[in-house]
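> Sequence and predicted structure, then a few things I'm wondering about:
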Amino acid sequence: MSSGNFAVVFKMKDERDGKLYAVKCFLKEQEGRSESYKLIADELEFVSSNFLTPIKYLEKELFVDTKNSDENEFPILLMDWVEGKTLDKYLRKNLGDQYALEVLAYRFSQLAQWLIPQPFAHGDLTHLLHYQFEFKSSSHSGSFV
């Protein structure tokens, strides 16, 4: 589990096939979030890339029995679970390894070159994960179409 200012992410396993998912549950209401995530999910549905994790925005997916809100059904963001180190942790671990840093810089440049012509952008690379010399975005909160 990891948490931030607006959401908490849980690791979930589908017992039928063993597939792992990240389930992002939102902690606070954000104006325009639903529309933004729907646009992002719709745009990414047709994008095939090793750099991005497929997402589904499910509007009323999580039932919560609470007295703190008039609502009891809340949205989630469902993504494939991605193992890896965040970019800053990978850099700290490999500061003395010139080869690892050169490969990292090369792969990062490939990511940047791929992103340039896309009809969307990602404004938050703090959740960029490095895994086996590949980058994956594990959060779409900074994305826009």
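Right, received. Where do you want to start?

> Roughly how far does residue 32 sit from residue 39?
10 Å (C-beta to C-beta, to the nearest Å). C-beta here means a position set from N, CA and C on the backbone, and glycine is covered the same way.

> Looking at these two, which one has more neighbours?
residue 39 (16 against 8; other C-beta atoms under 10 Å).

> Tell me which other helices or strands the strand or helix carrying the more buried one touches.
Here residue 39, judged by DSSP states H and E, is contained in helix 33-44. Packing partners of helix 33-44 (3 or more C-beta pairs under 8 Å, 6 or more residues apart in numbering; DSSP states H and E): strand 55-63, strand 73-80, strand 143-144.

> hmm, 10 Å instead?
Applying 3 or more C-beta pairs under 10 Å, 6 or more residues apart in numbering; DSSP states H and E, one finds that helix 33-44 contacts strand 20-26, strand 55-63, strand 73-80, strand 143-144.

> Can you redo those strands as JSON lines, where the extra columns are mean pLDDT?
Putting those into JSON lines (pLDDT from 0 to 100) gives the following:
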{"stretch": "strand 20-26", "mean pLDDT": "91"}
{"stretch": "strand 55-63", "mean pLDDT": "88"}
{"stretch": "strand 73-80", "mean pLDDT": "89"}
{"stretch": "strand 143-144", "mean pLDDT": "48"}
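
> ok now the helix or strand containing residue 109, how far from the chain's centre?
Per DSSP H and E, residue 109 falls inside helix 98-115. Counting by C-alpha atoms, centre = their mean, to the nearest Å, helix 98-115 is centred 19 Å from the centre of its parent chain.

> pull the CA atoms of it into CSV?
Extracted C-alpha coordinates of helix 98-115, given in CSV (Å, rounded to 0.1, in the frame of the first residue of the first chain):
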residue,chain,number,x,y,z
GLN,A,98,28.3,4.8,-14.9
TYR,A,99,26.9,2.0,-17.2
ALA,A,100,23.6,1.9,-15.3
LEU,A,101,23.3,5.7,-15.5
GLU,A,102,24.1,5.7,-19.3
VAL,A,103,21.4,3.0,-19.9
LEU,A,104,19.0,4.9,-17.8
ALA,A,105,19.6,8.2,-19.7
TYR,A,106,19.2,6.4,-23.0
ARG,A,107,15.9,4.7,-22.0
PHE,A,108,14.7,8.0,-20.5
SER,A,109,15.4,9.7,-23.8
GLN,A,110,13.4,7.0,-25.6
LEU,A,111,10.5,7.7,-23.3
ALA,A,112,10.8,11.5,-24.0
GLN,A,113,11.0,11.0,-27.7
TRP,A,114,7.9,8.7,-27.6
LEU,A,115,5.9,11.2,-25.5
